[in-house]
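Asks: sequence unknown, structure follows:
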């Protein structure tokens, strides 16, 4: 699947609350900005938690991500390290279980986060523990990302 241009989003039909989600991603440009949204309100773009896609860091230091960095949890916790480079496939794994969210890039844990915010309908305004769709973001006119081997499983 290829997501180009923006702003917009491709959303799943299925909804997930507690889950494991994994995919492979390829950035077809330099420092492109996109994301994977989850626990999102159906039909509302950019209204869930966002696992950032942005293979950019400050200077030569991959531990200093730009704009939360690939594998970061946007507006909550920056990626510990930007693992992937542009124009190469990488694997992203997201696990959401109750208030706990963990993200891995190529097997390296980039985020380990407990959301202590007040409960809200939208994860953009607070904590959302209920089920929602998963969305692939077309951030802006430069967006050009490829996705493959997309898998999701609901946790008990």
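Replies: That came through, no problem. In this text the structure is predicted, and so the values were computed from the model without any measurement.
Asks: make it CA atoms for all contacts and neighbour counts henceforth
Replies: Will do.
Asks: what about the helices in the chain?
Replies: Shown for the chain, no helices are assigned by DSSP state H.
Asks: Report the central residue of it.
Replies: Nearest to the mean C-alpha position of the chain, by Cα atoms, centre = their mean, lies residue 51 at 2.1 Å.
Asks: contacting residues around that residue?
Replies: Residue 51 is in contact with 35-37, 70-74, 103, counting by Cα atoms under 8 Å, 6 or more residues apart in numbering.
Asks: And for residue 127?
Replies: Per Cα under 8 Å, 6+ apart, neighbours of residue 127: 99, 115-121.
Asks: list the helices and strands the longest strand anywhere in the chain packs on?
Replies: In the chain, taking DSSP state E as the definition, the longest strand is strand 144-154. Applying 3 or more Cα pairs under 8 Å, 6 or more residues apart in numbering; DSSP states H and E, one finds that strand 144-154 makes contact with strand 2-4, strand 19-27.
Asks: partner strands of the longest one, parallel or antiparallel?
Replies: According to DSSP bridges, strand 19-27 forms sheet pairs with strand 90-97 (antiparallel), strand 144-154 (antiparallel).
Asks: likewise the shortest one?
Replies: Using DSSP bridges, the strands paired with strand 2-4 are strand 144-154 (antiparallel).
Asks: So for the strand it pairs with, what gets flagged as buried?
Replies: 144-145, 147, 152 (16 or more other Cα atoms under 10 Å).
Asks: now stretch 31-46
Replies: By neighbour count on 16+ other Cα under 10 Å, the buried set for stretch 31-46 is 31-42, 45-46.
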